[in-house]
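J.: Curious how this folds, go ahead:
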Amino acid sequence: MDETQNVLFVCVENAGRSQMAEAFFKKYAPKKFNVISAGTTPSSQLNPIVVKVMKEIGIELDEQSPKLLSNTMIESSLKTINMGCMDKESCPSLFVKDVLDWNIPDPKEKTIDEVRKIRDQIKSEVMNLIDSLENDK
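T.: Alright, predicted model coming up:
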């Protein structure tokens, strides 16, 4: 019997990019994967524009909240993906070894059209990741 494998998406605030990546992964990845997202300095709530653009494509984030990145999350993950950093002091890739860095722009203070582009970029990256995880078998 196959064991569930963990995939971790990290960013600084866990309020936008990593939440979108987690939601796409939950929707499209096989059930043999468990996914979580977290941040080094989590925000108090999700970015409302991120919630809105995800709702536009039928993905609800209303029940999600930012989470603090822990060593346990890092150690138990098959793959850790850093969404990109603006703040080098709290950048997750500084704390995580063997991290994939997608270098995706932060949706914070962006227009709704810019956030839609970021959403679509994240979806594309997540789909590629799922394909690569499936092909690693």
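
J.: mind listing the strands in this protein by residue range?
T.: Shown for the chain, the strands assigned by DSSP state E span residues 5-11, 33-39, 77-82, 99-101.

J.: tell me how far the ends of stretch 36-56 are from each other?
T.: End-to-end distance for stretch 36-56, by Cα to Cα, to the nearest Å: 22 Å.

J.: Buried residues, that stretch. List them.
T.: 36-40, 42-43, 46-47, 49-51, 53-54 (16 or more other Cβ atoms under 10 Å). For the C-beta atoms, the positions are set from N, CA and C on the backbone; glycine is no exception.

J.: that older thread, nearest to residue 68, of the strands of the chain?
T.: strand 33-39 (6.2 Å; Cβ to Cβ).

J.: Centre of the chain to the closest one, how far?
T.: Strand 33-39 has its average C-alpha position 7 Å from the chain's average C-alpha position, going by Cα atoms, centre = their mean, to the nearest Å.

J.: Run through who's touching that strand.
T.: Counting contacts by Cβ atoms under 8 Å, 6 or more residues apart in numbering, the residues outside strand 33-39 that touch it are 4-15, 18-19, 21-22, 25-26, 29, 66-70, 73, 78, 92, 133.

J.: can you rerun that using 7 Å?
T.: For strand 33-39, contacts defined as Cβ atoms under 7 Å, 6 or more residues apart in numbering pick out 4-14, 18-19, 21-22, 25-26, 29, 66-69, 73, 133.

J.: And the residue lying closest to residue 126 once chain neighbours are set aside, how far from residue 54?
T.: Distances taken as Cβ to Cβ, 6 or more residues apart in numbering place residue 24 nearest to residue 126, at 4.1 Å, with adjacent residues excluded. Using Cβ to Cβ, to the nearest Å, we find residue 24 at a distance of 9 Å from residue 54.

J.: Perfect, that will be all.
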